[in-house]
Each structure stands twice: as C-alpha cells, then as structure tokens.
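*Asks:* any chance you could fold what I've pasted below:
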Amino acid sequence: MDYEFKNIESLIRDAIDSVSNSKTAFKEQFIQGKSAFSEEKIRAKKSFALKTLSFERKDQVTRFVQFHQQSLINFSDELFDGLSPRRESQLTEMSNFFVDHLNDLQNHIQYQYAEHFNQDTKAPEAFIADSLERWKEALDRIENCPSKGEMDQVLLSLPLMPVKNILLGRGQAINYRTLSYTTELLNLLHEVVYSDQDGRSIDEQIRSVLLHLNYNSRAYFEYYINHLKAQISATDAVSDQLEKLAYSYKVINQTPSKQCLTYDLQSKPLKNQLSDWLLEEIQYLERKRELVSKSAFNEEAFVRKEFKLEFDMSVAQFAYFIKAFVETGVIQNKNISELIRFLAKFVKTKRSESISYDSFRMKYYNVESNTKSSVRNLLHTAIGYINSN
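*Replies:* Numbering: from 1, shown residues only. Below you'll find the predicted structure:
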C-alpha cells in the first residue's frame, strides 16, 4: 500500500538533520523547511483524497485511512519522544512545529473520513499531553466557579470523577474516542456553569448536557432514577405521579443527542435506559389506578343494586320520621325532592321492599294523627334505651 505522506516524513527528517548538523542559519533553514512542508502538506491532502476515490470497495478505503492514521501516530510519537528539556531549543522549536502540523493532518483525516477513522486507536502522545493540560484548566475552572454553591455536588462529581482518574494516570491508554468525548463534556459543562441562566436551574442544565452527550454510565443512570423517584414521591396522588413521569418522558425523548458520542459503548444509550424505566413505571401506575378504580366501581355497584336500609315502620311512619328530623334540623338537606328520591331508592320497610317516590312524597306532606302517635312511641322507646345505658 502506497504511503501518501512519505515525502512529508522525509522533509521533516531532513529539516531536523540539517539543524542538528549545522548550528548556523537556523532561522533561514527553518523558514525553508516550513515552506517546503506546507506545500507538500497541501499536495499530500489532495493526493490522499484522490486515492480514496479510486477504491471500489468501502473496506479498501477503511484500510487505506487507518494505515495512514497509524503511520502518522507512529511518526508523531517518534518526534515527541525525542523532545526533552535538555535538547537544544532550536531543535525543540522545530520538532514542536512539525508535531503540531502532524496532529493537524491527523485531525483532517479524522473529520474528513470519520466513517473509516479508527476512534479506538491510541491518540498521539503530543495530542494527549496537550489535551490533558486543557482538561486540567477546564476542571479547575468548573470546580471553582462562582455558582458552585447552587449545584448538586453529587451530580457534578459523576462526570468529573472519570476525568480526574485519567489525569491521575488511573486510566488506560487514551484513544481518540475518549479524547473527543471528554473534551466535549468539559466544554459544555464549563459553558453551563459560567453562562447566564436560561430559566432552568444549573442542575437541570447539567442533566440536559449529560443526556445530550449520552453519558450512559451506570452510576449516572442510578442517580437519574433516584432523581425521578424523588419527584414522584413528593405526591401521593397517582394521577399527579403519572403526570410528572409523563413530563419527564417527554423531556428526555425530546432532548437532542450528540451524534457519534457516547460514554460507554457497551451500554445502551442513556435515553433508551431512562425511557424504558419510565415506561415501566407509567404502566405500573396505570395498572394500579385501573385496579383501584375497578374496586371502587364494583363496591359502588354492589351498594347501589343490592343494599338497602331496612326500617321496622310503615311507609307513612318512615316519611314522618324523616320529616321530624328535617324540621328540627337534624337532617340538613334542603332539597326535599332529592332527599325523598334518595330514600325511596335505598330504603325498604317491613311492608314495602320498594318504595315509590310519589307514595313517599304524598305521605311526607300529608300526615295522619295515628302516624304521629306511632312515631312518637318509637322515639320514646329509643330515648328509653339511651336513658338506660
């Protein structure tokens, strides 16, 4: 496989050798080396693009791109490893210049041929070192922002802890995927904690950023679930709980996701995890509400169809009995027609299993003297019972 950047490597090696062998006229040699390098870099990019178009199969393009990707990494690491504080400043300046431009060439391939670029390959050491320095600065600014007291520190620590572990050297070799993801994460978190409020709390904005970046760590998923549980536990009404869960489901699914970025490739996307959990909770609460409603409905239907109050009175006596309580204020219902209709439906006497509304109403308003005597005797019997206890 032809190496399209071999002339670039040759120019860099020749430029470094010429400076190493000659201590004079560094500036002039450096200017010439940079000029030749820039011209060759433009030519190599064009040649690389034309070569990728010549392949008939997709896998050929992938192998071609990844071959050049790895070759650039190896050469960049070779130059970077040669840098040391004891090295002559002129050589260090030149090497740094070429390392930076090799990284630029690497970035060009990464973004122009993203489909074929191997994101899981270890990044060049120079690129890693530069990224770690920028991460340290961003991390320090985020953790010491003026609005720190307004934030949930547990929430903030979840995405920052893995970054700290990398900076402490606890991570494995850093690949392009980790570099891209972490850089984007820190940039957006920094933007949130230092930006003007948009009507939402900082915690809400941080949760939105982590959802946008698919921060699908197990620890953050559990944190988010506990956050949702706390929201629904604030109310006992099932309808209110369902409303809150439905709103959270809407917010989560309408939050746009950053394409091609994910924290953990082995885990389901955070949106899917949260949506699945929310749907299960919503379905559970809906079933619970349905069962409670059925139970209440069945109980109500039973009372309406089967149960009646049974009085040891005639209809006339019962009508006057009720009237006595209405007139003395014991019964507070003011609509007599509704009261009669209700009692006719749910009361039976010793002689009538079913009381008609018209019969009840007539006897309520037309009372005979013997009916009054009978009701008086019943009430005296009840008073006697009360007095005897």
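
*Asks:* where does the prediction get shaky in the stretch 1-150 of the chain?
*Replies:* 20-26, 83-89 (pLDDT under 70).

*Asks:* the helices in it, which residues?
*Replies:* 6-21, 26-54, 58-81, 89-112, 125-143 (DSSP state H, counting those that start in this stretch).

*Asks:* let me have those in a markdown table, extended by distance to Phe325.
*Replies:* Every residue, glycine included, has its C-beta placed from N, CA and C. A markdown table is the format used below for these (distance: least, CB to CB, whole Å):
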| stretch | distance to Phe325 |
| --- | --- |
| helix 6-21 | 106 |
| helix 26-54 | 97 |
| helix 58-81 | 91 |
| helix 89-112 | 88 |
| helix 125-143 | 74 |
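
*Asks:* possible to save these as TSV with mean neighbour count?
*Replies:* Shown next, in TSV, are these (neighbours: other CB atoms under 10 Å):
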stretch	mean neighbour count
helix 6-21	16
helix 26-54	14
helix 58-81	17
helix 89-112	17
helix 125-143	16
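
*Asks:* the ones you listed: which one's closest to Tyr223?
*Replies:* The minimum distance between Tyr223 and these falls on helix 125-143, with 17.8 Å, by CB to CB.

*Asks:* and the helix or strand following the closest one with helix 125-143, angle?
*Replies:* Next helix or strand after helix 125-143 toward the C-terminus (DSSP states H and E): helix 153-167. If you take axes from the mean of the first three to the mean of the last three CA atoms, to 10 degrees, helix 153-167 sits at 160 degrees to helix 125-143.

*Asks:* against which helices or strands is helix 153-167 packed?
*Replies:* Judged by 3 or more CB pairs under 8 Å, 6 or more residues apart in numbering; DSSP states H and E, the packing partners of helix 153-167 are helix 125-143, helix 176-194, helix 202-212, helix 218-233.

*Asks:* how about the ones you listed in TSV, adding distance to Arg341?
*Replies:* TSV is the format used below for those (distance: least, CB to CB, whole Å):
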stretch	distance to Arg341
helix 125-143	71
helix 176-194	64
helix 202-212	55
helix 218-233	43
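
*Asks:* quick check: closest non-adjacent residue to Phe318.
*Replies:* Phe311 (5.3 Å; CB to CB, 6 or more residues apart in numbering).

*Asks:* so the one you found makes contact with Ser352?
*Replies:* No: between Phe311 and Ser352 there is no contact under CB atoms under 8 Å: 9.9 Å.

*Asks:* name the nearest residue to Ile232, sequence neighbours excluded.
*Replies:* Using CB to CB, 6+ apart, the closest residue to Ile232 is Gln241 (4.3 Å).

*Asks:* which SSE is that neighbour in?
*Replies:* helix 238-254.

*Asks:* which strands or helices does that helix pack on?
*Replies:* helix 218-233, helix 270-306.

*Asks:* could you list the buried residues of it?
*Replies:* For helix 238-254, a neighbour-count test (16 or more other CB atoms under 10 Å) marks 241-242, 245, 248-249, 252 as buried.

*Asks:* how does this protein divide into domains?
*Replies:* Domain ranges of the chain: 6-118, 120-213, 215-304, 309-388, per automatic domain parsing.

*Asks:* tell me the contacts of Glu39?
*Replies:* Taking CB atoms under 8 Å, 6 or more residues apart in numbering, we find Glu39 in contact with no residue.

*Asks:* distance of it from Glu93?
*Replies:* Applying CB to CB, to the nearest Å, the value for Glu39 to Glu93 is 20 Å.

*Asks:* with Gln119 instead?
*Replies:* Noted for Gln119: a distance of 32 Å to Glu93, by CB to CB.

*Asks:* sorry, back to before: closest one to Leu186 among the helices of the stretch 1-150 of the chain?
*Replies:* Closest to Leu186 of these is helix 125-143 (CB to CB; 4.2 Å).

*Asks:* give me the angle between that closest one and helix 89-112.
*Replies:* 80 degrees.

*Asks:* quick one: secondary structure of Cys260?
*Replies:* Three-state call for Cys260 (DSSP: H, G, I helix; E, B strand; the rest coil): coil.

*Asks:* surely it meets Glu115?
*Replies:* No: with contact defined as CB under 8 Å, Cys260 and Glu115 do not form a contacting pair (9.8 Å).

*Asks:* name the helix or strand for Lys348, please.
*Replies:* Lys348 belongs to strand 347-349, assigned by DSSP H and E.

*Asks:* that strand pairs with which strands?
*Replies:* strand 309-311 (parallel) (DSSP bridges).

*Asks:* buried stuff in the helix or strand hosting Phe325?
*Replies:* With elements taken from DSSP H and E, the one containing Phe325 is helix 315-327. Within helix 315-327, the residues scored as buried using 16+ other CB under 10 Å are 315-324.

*Asks:* touching, Pro269 and Asn216? I think so.
*Replies:* Yes: using CB under 8 Å, Pro269 is in contact with Asn216, at 6.0 Å.

*Asks:* quick check: chain neighbours aside, which residue is closest to Phe321?
*Replies:* Closest to Phe321 by CB to CB, 6+ apart is Val375, at 5.2 Å.

*Asks:* what's the local residue count around that neighbour?
*Replies:* Val375 has 21 neighbours, counted by other CB atoms under 10 Å.

*Asks:* great, nothing more from me.
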